[in-house]
Every structure is written in C-alpha cells, then in structure tokens.
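1. Sequence isn't available, so here's the structure alone:
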C-alpha cells in the first residue's frame, strides 16, 4: 500500500504575522506566540504519532481514495473502535457505523437536519449520544470519533476540534465486549472521500493527527489542530496523547450548551461578528472572549441581557431573549477559569 506521511503537517494553521514597530525591531503579539505554539504542537504530534498510526495493525478498514489498495478486515473482533472520515458537508443519514448488529455494541455518526450526532449503543434502548452543529463553511468536512470499552466513553471531533456539550443518556448504557463488528458506510447526499477505522479507541491527539492527515489528502480546509490539546496533560506530558484524555469541565460544558443555543445563529463560521462554533475554553481565551475569573470583564458575558457590570451595551442575543439562569451559567463558568 502506498502510504503518504506528511512530516510536520499542519493543515489550517494560520501563517505567522509579525507586527513591526519600525524598520529595526518588531514585537511578537500574544496571538503570534499562540499560533506558533499550535504550529509546534502540530509538527510534534505528527512526527511522533502519524508514522505509527499509518502502519498500525489496528487499522481494520481503510479506503484511501487514490492512495493505493484498501484495507478491509470486515468484520472485526474488537471491544473498542475509532475512525475518521472525509465527507461532503451536505451528507445526510447514518454516515458510518461499526456494530455487531441490530444496534448492539454500535458506535455511529448520523448527520441530519444540520446536526451531527455521535451515538454509543449497547442496545436499541440503552445508548448515549452527543449532538453538535454541522460546520457552516466549506464543501467538505472531516468527522472523527472514538468509542471506548467503558459505558459513556466516546469522543466526537469535527474538523479537528473536540466537541463538547451535553451528553444525552437513554436507558442504561453498558460496557462493550469482544464481539464481531462490521463497518457500514452510507450517507444519502454526500460522497465519502476517505475513511479509516481502527479496532481500538483513539486518543484526542490521535484523532486530531488523523483528521488533519485525511484533510490534507483530500484538499479539505478549515481542519485545525485543536487549541484544547495545548492544555491536555497527556499531550504536554510528552507522550503524544497516549494514556487518556482530558474532559472539559462541567461548568464549560454547561456554558457551551447555552452559547450554542443562544449565540450560533449569528456567531458562526464566516460571521463578521465572531465565530463561536466549535468553541473551546482555550479558544475563548485566545479570542479574548473571556478574562479568567472575571465575568464582568469578559465580552462573551457582559454583552448578555441581564449581565452585570458596565463594560458595554447589554443587548445580546440579538432579537432574542436569554434566561437569568443561562446568564448565570456563563458567569459561573468564567468565574471558575484559572
């Protein structure tokens, strides 16, 4: 098989911009330093993880369009799974499923009505899922997911960004066991450009590396190294994302649910008002939307109707309302940021 390893690959990493003060000196802004940190992280993760991921015996299904022969070990015997898929943004239906049949021990991604849903089934009546918005820009997107052995252990990544939000639980989801599982692909309105499936759970860092790799193969833009990886102890600790992942705080998860519901109608990709889609706590800091520990100084809070402080008009969300309890959720989140 022809395997294309892109050393130092960093799809979507912004170019460095230097703010020159005069002809003899320049000043690196905080944003430039942050961008350089992301570039360095992407290169480090790619160099450390990508060769092993592409040569791993855990690859059970790989259909790399135009890259050579496919790997299709189907069905597989596994109690964990992870995958990444490049597909049209207009795709609809159950895009990919790895399952043992009849929604038993299944990890799947469904795209429907502008939403992406990752679901971990142990039966048709016992499952949990996370649902997020389809990206508002680009003709294509890269979706990645990991489903672990333990109940509730799954991750969804869209265009390289770890998705957070409220996980909905139905019934009593159980642990996975070793069962023969098959890979199914569909999507009634989109073309699958490339898909990789692993018979193991993938870490956040591995999902991100593979997302950017597949994006590069298929010319898909807007797939980035997630800023949240900068604060992931398993990454900073030097093992490249092995040995577990860091989950977002309950306070951020609750606040993001409010932001997604109340703000994304205006603050989405391509908006001149600021893009809050796929927001992470690290990105909120980068964009100066929050001042850690100080809600009244944080733009994302003090613009809300019902917020406190006197830093500007309080007329958001535009043309809509927001409850006192939702305002407090955003305030509590920012107050707890270190």
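-> Right, received. Where do you want to start? None of the values given here were measured: they were computed from a predicted structure.

2. Give me the helices and strands touching the strand or helix carrying residue 214, please.
-> Secondary structure from DSSP states H and E places residue 214 in helix 204-217. Under the contact criterion of 3 or more Cβ pairs under 8 Å, 6 or more residues apart in numbering; DSSP states H and E, helix 204-217 touches helix 30-54, strand 81-88, strand 140-147, strand 154-158, strand 161-162, strand 192-198. The C-beta positions use only the backbone N, C-alpha and C, and glycine is treated the same way.

3. So what's the gap between that helix and the chain middle?
-> Distance of helix 204-217 from the chain centroid (Cα atoms, centre = their mean, to the nearest Å) equals 11 Å.

4. what's the angle from that helix to strand 192-198?
-> Helix 204-217 and strand 192-198 are oriented at 150 degrees to each other (axes from the mean of the first three to the mean of the last three Cα atoms, to 10 degrees).

5. Which residue ranges of the stretch 201-338 of the chain form helices?
-> 204-217, 233-234, 250-263, 281-286, 299-302, 324-336 (DSSP state H, counting those that start in this stretch).

6. May I see these arranged in CSV, with mean pLDDT as well?
-> Converted to CSV, those look like this (pLDDT from 0 to 100):
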stretch, mean pLDDT
helix 204-217, 95
helix 233-234, 65
helix 250-263, 85
helix 281-286, 78
helix 299-302, 89
helix 324-336, 91
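
7. Ok, which of these comes nearest residue 84?
-> Residue 84 lies closest to helix 204-217 among those, at 4.4 Å (Cβ to Cβ).

8. List the buried residues of that closest one.
-> For helix 204-217, burial by neighbour count (16 or more other Cβ atoms under 10 Å) applies to 204-217.

9. before we move on, the earlier item: mean neighbour count, the helices of the stretch 201-338 of the chain: which tops it?
-> Neighbour counts (mean count of other Cβ atoms under 10 Å) averaged over each of the helices of the stretch 201-338 of the chain peak at helix 204-217, with a mean of 25.

10. what angle separates that one from strand 140-147?
-> 150 degrees.

11. beta partners of residue 184?
-> Note on residue 184: beta-bridge partners residue 97, judged by DSSP bridges.

12. Who are the contact partners of it?
-> 94, 96, 97, 98, 99 (Cβ atoms under 8 Å, 6 or more residues apart in numbering).

13. okay, the fourth one: pLDDT?
-> At residue 98 the predicted local confidence, pLDDT, stands at 91.

14. isn't it right next to residue 118, touching?
-> No: contact status for residue 98 versus residue 118: not in contact, 11.8 Å apart, counting by Cβ atoms under 8 Å.

15. And the contacts of residue 184, which two are furthest apart?
-> Of all pairs in those, the most separated under Cβ to Cβ is 94 and 98 at 11.3 Å.

16. Between these two, tell me which one has more neighbours.
-> Taking neighbours as other Cβ atoms under 10 Å, residue 94 and residue 98 compare with residue 98 leading, 27 against 18.

17. Now that one. Nearest residue, chain neighbours left out?
-> residue 81 (4.6 Å; Cβ to Cβ, 6 or more residues apart in numbering).

18. pretty sure that neighbour is touching residue 197, no?
-> Yes: here residue 81 reaches residue 197: they are 6.8 Å apart, a contact under Cβ under 8 Å.

19. Residues that sit against both of the two, list them.
-> residue 98.

20. Please consider this matter closed, and thank you.
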